[in-house]
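Peer 1: Sequence first, then the predicted structure:
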Amino acid sequence: MRDLLDDKPLKLRRERVAAPTSARPILLALVLCVLVALLLALGSQGWLDPVRAGLQRVLAPPAQWLTSMRDDVAGWFAGPWGDAALRERVAELERENSRLNEALIRHEQAHVENVFLRQQLAIQRERPWQLLGAEVAVRAPDAGRRVMLLSRGTRDGVQPGMAVIGQNPGGPAGLVGIVETVNSHTAEVLLLTDVGSQISGRVLHEGRATIGLVQGQWQRGSRLRLMQVERAMNLAVDAPVVTAGLTAVLELPFALAAVPANIPIGTIEYFETIEQYQQAELRPFVDTDQVRYVWVILSQDG
Amino acid sequence: MGDSQSRRLEERLAREGVRILALIALALIQATLLLTPLGFALPLLVVLVVSRILVGLATPFPDSELSYALRWAIYGGLTLDLLTASPLGVHALALLLAALLVILATRRLQLGGPLIPLLAVLLATLIYEISLALLTQPLPLEWFSYSRFVILPTTLLALILTLPIYITMRWVLGMRTDRD
């Protein structure tokens, strides 16, 4: 926090004298604003992509290390501490864990990869998807935008518009978000819950299916909303919603064409009828704030 | 003469380099370690920049001190841009706008007590979040719900951070003054 680099020693005044600052800092701020706006304009043309990719490549490893460290600490605090029996159980498991650690330590990385690959294999057995595993390097640091940064990029075959899935313990693999931008070593994923995220969804209920639009609602206080469902369709609480994959089916040249159909999204929590349509609040299958490892769906033909 | 000038230039470049590294580290900490259960990070950089402005205003060299604060905003903001999916410059611009308005609002005020830092951070966080919303969110924006679920919690978190950071920064820089 201390600015070690200040050229002059600071002398803090106990009381401000009447003499205010000159207009120089304000002018400087305005000039910097203009320069940054220029940077934004250049960036929107794609001229800064190589620089951005290079810098992100440098920042991704420390960011990923810090994120995993933070997750480990959060996981430790989230453990069962209130109950004596659970504490005893945790202690027992920790003793067992320490015995196993000696054997595991040599193969720790291989073990982790094995776990993820097993999960990946299980998903691939059930679904015709070719998956690429990726660790979450950075989660959304802003309240206003729900994104995550993955440590995979174009060199691994990741392209914008690809679907990213994840899995919480005990739950099905579900949609996490869509790859928005990709550099050679990193990919930025717009999470499903972001208000800017929209994708076609299919509600499955009583042997029938109907199409709707799934939009993120995080910035509006909930998670997902399914909209524009025909009034004739009987919606039900807990009915599953999956991706419709309409863009892919119609072979339209849009980015979302890479999103296959039938990726689980969530279940209906509550629904209502508004004029000619129904809409529903959805509970996503995957908690995007909890996933540490995700898979990018590279293709559907596995 | 020439040697001393070039040494001075080298020193300044080295200091700027360390300043950039420090701000990169702080932005990394904000984006990774300071994530809250609410699903977003504590707005560390906003509070740091505002505190730097206020501490800078209470020195005999406010102009140069404020230029440091603006550079903090640039370096920290650009690093946040790299760590998110936002276009390069979005966070930097939001931080600069917040810093600019805080400078305009506080440059003629008596800086004593906790009220001014709290009000300054309140103003800065509002400007920062509104700027980010306008620059990154699809329009039209539902301002009521956005304010309720994004701006309000972020502002409260920023206000919680304000006094510890402001007082610590003022104390650290004051200690330095005494030593000097």
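Peer 2: All right, it came through fine. Numbering: from 1, shown residues only, chains lettered A, B, ... in the order given.
Peer 1: now the helices for the chain?
Peer 2: Since you didn't name a chain, this refers to chain A. Applying DSSP state H to chain A gives helices spanning A:24-44, A:49-77, A:84-105, A:108-126, A:246-249.
Peer 1: hm, I was asking about chain B
Peer 2: Along chain B, counting by DSSP H, helices occupy B:2-32, B:44-57, B:62-83, B:90-106, B:115-136, B:143-146, B:152-179.
Peer 1: Next, the contact list for the residue most central in space within chain B, please.
Peer 2: Central residue of chain B (CA atoms, centre = their mean): B:V49, 2.3 Å from the mean position. B:V49 sits next to B:69, B:72-73, B:76, B:95, B:98-99, B:124 when contact means CB atoms under 8 Å, 6 or more residues apart in numbering or on different chains. Glycine gets a C-beta too; all of them are placed from N, C-alpha and C.
Peer 1: related to what we said a few turns ago, so which of the helices of chain A gets nearest B:T154?
Peer 2: helix A:49-77 (18.8 Å; CB to CB).
Peer 1: Can you work out which other helices and strands pack against that closest one?
Peer 2: Contacts defined by 3 or more CB pairs under 8 Å, 6 or more residues apart in numbering or on different chains; DSSP states H and E place helix A:49-77 against strand A:130-138, strand A:147-150, helix B:2-32, helix B:62-83.
Peer 1: If we use 7 Å, what do you get?
Peer 2: For helix A:49-77, the packing partners by 3 or more CB pairs under 7 Å, 6 or more residues apart in numbering or on different chains; DSSP states H and E come out as strand A:130-138, helix B:2-32, helix B:62-83.
Peer 1: What about A:D287, how many residues nearby?
Peer 2: Using other CB atoms under 10 Å in any protein chain shown, A:D287 has 16 neighbouring residues.
Peer 1: no wait, A:L39
Peer 2: Neighbour number of A:L39 under other CB under 10 Å is 21.
Peer 1: in the sheet, who's paired with A:I268?
Peer 2: Beta-bridge pairing of A:I268 under DSSP bridges involves A:L282.
Peer 1: The one 10 residues further on too?
Peer 2: Here A:Q278 shows beta-bridge partners A:V229, A:T273, assigned using DSSP bridges.
Peer 1: coming back round to it: so which of the helices and strands packed on helix A:49-77 gets nearest A:I265?
Peer 2: It is, among the helices and strands packed on helix A:49-77 and with distance given as CB to CB, strand A:130-138, at 17.4 Å.
Peer 1: Quickly compare the helices of chain B and say which is most buried.
Peer 2: Highest mean neighbour count of the helices of chain B: helix B:44-57, a mean of 27 (counted as mean count of other CB atoms under 10 Å in any protein chain shown).
Peer 1: relative to helix B:152-179, how tilted is that one?
Peer 2: Here helix B:44-57 points in a direction 40 degrees away from that of helix B:152-179 (axes from the mean of the first three to the mean of the last three CA atoms, to 10 degrees).
Peer 1: on that earlier part again, for the helices of chain B, give me TSV that also has mean pLDDT.
Peer 2: Listed next are the helices of chain B as TSV, based on pLDDT from 0 to 100:
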stretch	mean pLDDT
helix B:2-32	86
helix B:44-57	92
helix B:62-83	89
helix B:90-106	93
helix B:115-136	91
helix B:143-146	84
helix B:152-179	83
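Peer 1: quick one: which of these is nearest A:L191?
Peer 2: helix B:115-136 (13.4 Å).
Peer 1: ok so, going back, now the helices of chain B in a markdown table, with distance to A:P264?
Peer 2: Below are the helices of chain B laid out as a markdown table (distance: least, CB to CB, whole Å):
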| stretch | distance to A:P264 |
| --- | --- |
| helix B:2-32 | 29 |
| helix B:44-57 | 36 |
| helix B:62-83 | 29 |
| helix B:90-106 | 33 |
| helix B:115-136 | 28 |
| helix B:143-146 | 27 |
| helix B:152-179 | 29 |
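Peer 1: nearest to A:I297, of these?
Peer 2: Using CB to CB, those put helix B:62-83 closest to A:I297, at 24.4 Å.
Peer 1: can you tell if that closest one touches chain A?
Peer 2: Yes - using CB under 7 Å from any CB of the partner chain, helix B:62-83 reaches chain A at B:62-64, B:66-68, B:70, B:74, B:80, B:82-83.
Peer 1: Next, the angle from that helix to helix B:152-179.
Peer 2: Going by the same axes, to 10 degrees, helix B:62-83 makes 130 degrees with helix B:152-179.
Peer 1: one step back: okay, the helices of chain A in JSON lines with mean pLDDT next?
Peer 2: JSON lines is the format used below for those (pLDDT from 0 to 100):
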{"stretch": "helix A:24-44", "mean pLDDT": "90"}
{"stretch": "helix A:49-77", "mean pLDDT": "82"}
{"stretch": "helix A:84-105", "mean pLDDT": "69"}
{"stretch": "helix A:108-126", "mean pLDDT": "70"}
{"stretch": "helix A:246-249", "mean pLDDT": "62"}
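Peer 1: Could I get those in CSV, plus columns for distance to B:D3?
Peer 2: Below are those laid out as CSV (distance: least, CB to CB, whole Å):
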stretch, distance to B:D3
helix A:24-44, 30
helix A:49-77, 34
helix A:84-105, 54
helix A:108-126, 52
helix A:246-249, 66
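Peer 1: out of these, which comes closest to A:A143?
Peer 2: When the helices of chain A are compared by CB to CB, helix A:49-77 sits nearest A:A143, at 17.4 Å.
Peer 1: Could you report the neighbour count for the closest residue to A:L298 other than its chain neighbours?
Peer 2: Nearest non-adjacent residue to A:L298, counting by CB to CB, 6 or more residues apart in numbering or on different chains: A:Q130, 4.6 Å away. Neighbourhood size, A:Q130 [other CB under 10 Å]: 16.
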